[in-house]
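# the amino acid sequence is not available; the structure is as follows:
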C-alpha cells in the first residue's frame, strides 16, 4: 500500500507540474518545476525520507557518473552541432531550480519509492519500477520519443543507488547531467 501511495504522490506532483505549466509543453517552466519539486519533496518527506549524512565517496562517484552521461550525450550529438552561449541571467535562475527538482526526484524515486518497492518485491523490482516512473515523469518534458533514453538513464541512476546504498550518488549524477545538458544545449 505504501508503494501505491508514493506512486500516486509522484503522479500528483507531475499533474501539478503539467497543470501549473499550462500543458505538457510548458511543464518545463521554472514556476511549474518549483511546484513539482515542492510536491515531490512533500511526498518524500511524508513517506519518511530524511536527508542523510553526505558521503564524499558517493558524491564523487555520482559526479563522475554524471560527467560520463554528459560525455555520452556530447558524443551522440550531430558533429556539426554548435552550442549557443547561454544567457548568464537565465542560468542563474534556472540552475538552482534544476538542483531542487533533482533533489526532489531522487528523494522520491531512489529514496522512498525504491525503499518501499525493494521491501515489498526486492531490489530488481525497485530498480525496474523506479526507472519506469522516472521515464514517465519526464514524458511531458521530452515527449514519447525520449522514453527509451529516460528509461535507460533511470536504470543507470538506479544502479548507482544499488551500488552506493543511498541517493547521493544518483542525485549528483542526475544534477551534473541535467546542468551539463542545460548549459551546453
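Received the coordinates, thanks. This structure is a prediction, so every number in the text was calculated from the model and none was measured.
# okay, CA-based contacts and neighbour counts for the rest of this
Fine.
# off-centre distance for stretch 118-134?
Taking C-alpha atoms, centre = their mean, to the nearest Å, one finds stretch 118-134 lying 15 Å from the centre of the chain it belongs to.
# what's it in contact with?
109-110, 113-117, 150-155, 158-159, 162 (C-alpha atoms under 8 Å, 6 or more residues apart in numbering).
# stretch 4-13 now?
In contact with stretch 4-13 (C-alpha under 8 Å, 6+ apart) are residues 35, 36, 37, 39, 40, 43, 44, 47, 108, 112, 113, 137.
# where are the low-confidence patches of this protein?
23-27, 78-88 (pLDDT under 70).
# quick one: the helices in the chain, in order.
In the chain, the helices defined using DSSP state H lie at 2-21, 30-46, 56-76, 88-106, 114-121, 123-137, 139-142, 147-164, 168-184.
# buried ones in the shortest one?
Think helix 139-142. Residues of helix 139-142 classed as buried: 139, 140, 141, 142 (neighbour count, 16 or more other C-alpha atoms under 10 Å).
# go on, the first one?
Buried residues in helix 2-21, defined by neighbour count with 16+ other C-alpha under 10 Å: 3, 6-7, 9-18, 20-21.
# out of the contacts of stretch 118-134, who's nearest residue 101?
Lowest distance from residue 101 to the contacts of stretch 118-134 (C-alpha to C-alpha) belongs to residue 109, with 11.8 Å.
# count of residues packed around that closest one?
By the criterion of other C-alpha atoms under 10 Å, residue 109 has 28 neighbours.
# from residue 71, how far off is it?
24 Å (C-alpha to C-alpha, to the nearest Å).
# give the contact list for the nearest residue to residue 171 once chain neighbours are set aside.
Distance criterion C-alpha to C-alpha, 6 or more residues apart in numbering; nearest residue to residue 171, sequence neighbours excluded, is residue 106 at 5.8 Å. By C-alpha under 8 Å, 6+ apart, the contact set of residue 106 is 167, 170, 171.
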